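K.L.:
Sharing a sequence plus its predicted fold:
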Amino acid sequence: MNPHRRLVADRSPLHGLTRRRLPFIPVVAQSVAAIAPAGTSAVTPMFVIAAVGGGNAVLAFLLATVVVTAVAATIRPLAQRIASVGGLYSYVAQGVGPRAALTTAWSAVVGYGAVSVAGLLATGLYLAQIGARIGISDASPMIIAGVIVAAGALLGVLLVRGIRISSLVTLLVEVVAAAIMVSIMVVITINAAHRGIDWGKAFSGESHGLSNTLGIGTVVAVSAFVGFESATTLSAEAYRPFRSIPFAVRWTPMVAAAIYLLAVITQSLAIQTAPASVVSSPSPLTGLLIYNGQSAAAVAMDAGVATSFFACSLASSSALVRVLFCLGRERMLPPAFGRTHRRFNTPAFAAVCSAALITMTALLYLAATGRADRGLETFLTLSSLGYMGSYLAACLAAPALLRRIGETTRRTTVIAAIASAMLLACLITAVTVDIDHTRSLMVIYLTSLLLAVVIIVVVGRFSPQRLSSVGVFDEPTRDEVLEMASPRL
């Protein structure tokens, strides 16, 4: 500990943000929207069913729930003790030092950034499909690109305006979208029952065109939960961060798991009687509804998925912006990233740069391939690798951080070890089993991570004082302490 450091700061290292004002519900909404359970439940279960079959898909989601629950149980004690907009990488900095923290920060940037791109691609794809179904446009790449541009512009405005507005938007959108998706899943199940389904066949281990590997199915299922920890990036802005953030970290994966298990069971039943053209289509659930003559339900589902993924993109980019803001304050990025808007008290420069880069990446991928559905799969997979990398670092660092502050227990150490082992197994599986180009995406992720490590080593060699500033977190100021200590008449 530095003997010359003041016990109470004159100014918080995170000054400029609207500190300690964000209510409980918007904080929880951040984690819920980042997962996007409504949109994800329409996409990811079909990927898993195609890979491992209906019965194994249910098992894969159960295993994924165990993995994420262990990770959440490891992160939660950290969220109860440190308030930082850097989220997981700030915990790693306090536990094992700045070099590992900056590597974790890069993994988080990949995770938040890639899923934000996927969200915009999904928004463009599903809204364009609605236009095609009601006859006002087609679902061509040009129309999808136009929707992406509009969605990207709205994304930037909401990011600059502030987390309170964006979190309320995401909460409203996600609740409505989840209600739509649950209703449609019930309708699909009823339709499947009327067609005389074979329950045993629906839950067999037979896959639909890909290798029958439970391991890779679990990895894909884990990707449906990533983002649940994003509320940790709001620690400085939350009114009672040591209550609301741990609550979001603990319960968001549980709620998502219930929705996903309903979705995977419903879809396993439904695709049994669906033709191959429907199963292999870009939007199998939508195709299934149209095949059953329920066009209105198909439009409603597309609307629910589109709005859910936009909420996901907004929540994920909000977390990304705060990570970049923290890196700017630590002088690891240009100082402009660490500045806030004078009126809105938001990291405006980081917000505008993030929204522009996310939108341009989505447009460039669409221009290069013309396949928004393939982009959705690609960027969701890439984001899950970034998330799992940052989760692994946080789980490895958690015992060291808790030991450093004298609050480690055998229980937290064992849970962190179990979570680390399961995450490592997931990452190894992504390398050894190549389904849908997961190995190629892993190579891209590891190459970018290696480049980040090289940059960190160079900075540490030629400018070591910069590394000493990594890991800033919110601290009580002198004025706040005096305000709490003064008697109230």
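P.N.:
Yes, it's here.
K.L.:
Show me what the longest helix seen in the chain is packed against.
P.N.:
Taking DSSP state H as the criterion, the chain has its longest helix at helix 98-134. With contacts defined as 3 or more CB pairs under 8 Å, 6 or more residues apart in numbering; DSSP states H and E, the packing partners of helix 98-134 are helix 37-52, helix 88-96, helix 141-161, helix 295-329, helix 348-369, helix 372-404, helix 438-462, helix 464-467. Any C-beta I mention is one placed from the backbone N, CA and C, and that applies to glycine too.
K.L.:
So which residue is dead centre in the chain?
P.N.:
With distances taken as CA atoms, centre = their mean, the chain has residue 227 as the residue nearest its mean C-alpha position (2.6 Å).
K.L.:
and the closest residue to it other than its chain neighbours, how many residues sit next to it?
P.N.:
Closest residue in space to residue 227, ignoring its immediate chain neighbours: residue 34 at 3.2 Å, by CB to CB, 6 or more residues apart in numbering. Using other CB atoms under 10 Å, residue 34 has 33 other residues around it.
K.L.:
residues contacting residue 34?
P.N.:
Contacts for residue 34 (CB atoms under 8 Å, 6 or more residues apart in numbering) come out as 115, 227, 228, 230, 312, 315, 316, 319.
K.L.:
The first one contacts residue 381, doesn't it?
P.N.:
No. Look at residue 115 against residue 381 with CB atoms under 8 Å: they stay out of range, at 10.2 Å.
K.L.:
okay, the two: which has more neighbours?
P.N.:
Neighbours per residue, other CB under 10 Å: of residue 115 and residue 381, the larger number sits with residue 115, 32 against 24.
K.L.:
so how far is residue 107 from the closest residue to the more buried one other than its chain neighbours?
P.N.:
Among residues not flanking residue 115 along the chain, residue 383 sits closest, at 3.8 Å (CB to CB, 6+ apart). Separation of residue 383 from residue 107 (CB to CB, to the nearest Å) stands at 10 Å.
K.L.:
where does the residue nearest to residue 115 land on pLDDT?
P.N.:
For residue 383, the pLDDT comes out at 94.
K.L.:
what residues are up against it?
P.N.:
Residue 383 neighbours (CB under 8 Å, 6+ apart): 110, 111, 112, 113, 114, 115, 118, 223, 226.
K.L.:
Quick one: low-confidence residue ranges for the stretch 201-350 of the chain.
P.N.:
In the predicted model of the stretch 201-350 of the chain, residues 201-212, 273, 279-280, 282 satisfy pLDDT under 70.
K.L.:
how many neighbours does residue 261 have?
P.N.:
Residue neighbour count, defined by other CB under 10 Å, stands at 17 for residue 261.
K.L.:
thinking again about what came up before, what's the residue nearest to residue 227 sitting at in phi/psi?
P.N.:
Dihedral pair for residue 34: phi -60, psi -30, per degrees, to the nearest 10.
K.L.:
Ok, residue 238 next?
P.N.:
With angles defined as degrees, to the nearest 10, residue 238 sits at phi -70, psi 140.
K.L.:
Same question for residue 97.
P.N.:
Per degrees, to the nearest 10, the backbone of residue 97 is at phi 110, psi 170.
K.L.:
Equivalent analysis for residue 15, please.
P.N.:
phi -60, psi 150.
K.L.:
So in terms of bridging, what pairs with it?
P.N.:
Per DSSP bridges, the residues bridged to residue 15 are residue 17.
K.L.:
Roughly how far does residue 12 sit from residue 327?
P.N.:
Separation of residue 12 from residue 327 (CB to CB): 17 Å.
K.L.:
how about residue 240, what does it touch?
P.N.:
Contacts of residue 240 (CB under 8 Å, 6+ apart): residue 24.
K.L.:
how much space is there between it and residue 34?
P.N.:
20 Å.
K.L.:
and what of residue 235?
P.N.:
For residue 235, the distance to residue 34 - CB to CB - is 15 Å.
K.L.:
got it, and residue 315?
P.N.:
From residue 315 across to residue 34, the span is 4 Å (CB to CB).
K.L.:
Give me the common contacts of those two.
P.N.:
In contact with both residue 315 and residue 34: 227, 230, using CB under 8 Å, 6+ apart.
K.L.:
how far does stretch 228-239 stretch from start to finish?
P.N.:
Chord length of stretch 228-239, first to last residue, is 19 Å (CA to CA, to the nearest Å).
K.L.:
and what of stretch 397-413?
P.N.:
Stretch 397-413 has an end-to-end distance of 10 Å (CA to CA).
K.L.:
just how off-centre is it within its chain?
P.N.:
Centroid displacement of stretch 397-413 relative to its chain, using CA atoms, centre = their mean, to the nearest Å, is 26 Å.
K.L.:
List the buried residues of it.
P.N.:
Across stretch 397-413, burial judged by 16 or more other CB atoms under 10 Å covers 397, 398, 399, 400, 401, 402, 408, 412.
K.L.:
Quickly name whichever of those is closest to residue 172.
P.N.:
Checking these against residue 172 with CB to CB, the nearest one is residue 398 at 34.0 Å.
K.L.:
And stretch 251-266, what's buried?
P.N.:
Neighbour-count burial for stretch 251-266, counted by 16+ other CB under 10 Å, picks out 252-253, 255-257, 259-266.
K.L.:
Among these, which lie within helices?
P.N.:
252-253, 255-257, 259-266.
K.L.:
wait, which of these is closest to residue 277?
P.N.:
Distance to residue 277 across those (CB to CB) is lowest for residue 266, with 20.0 Å.
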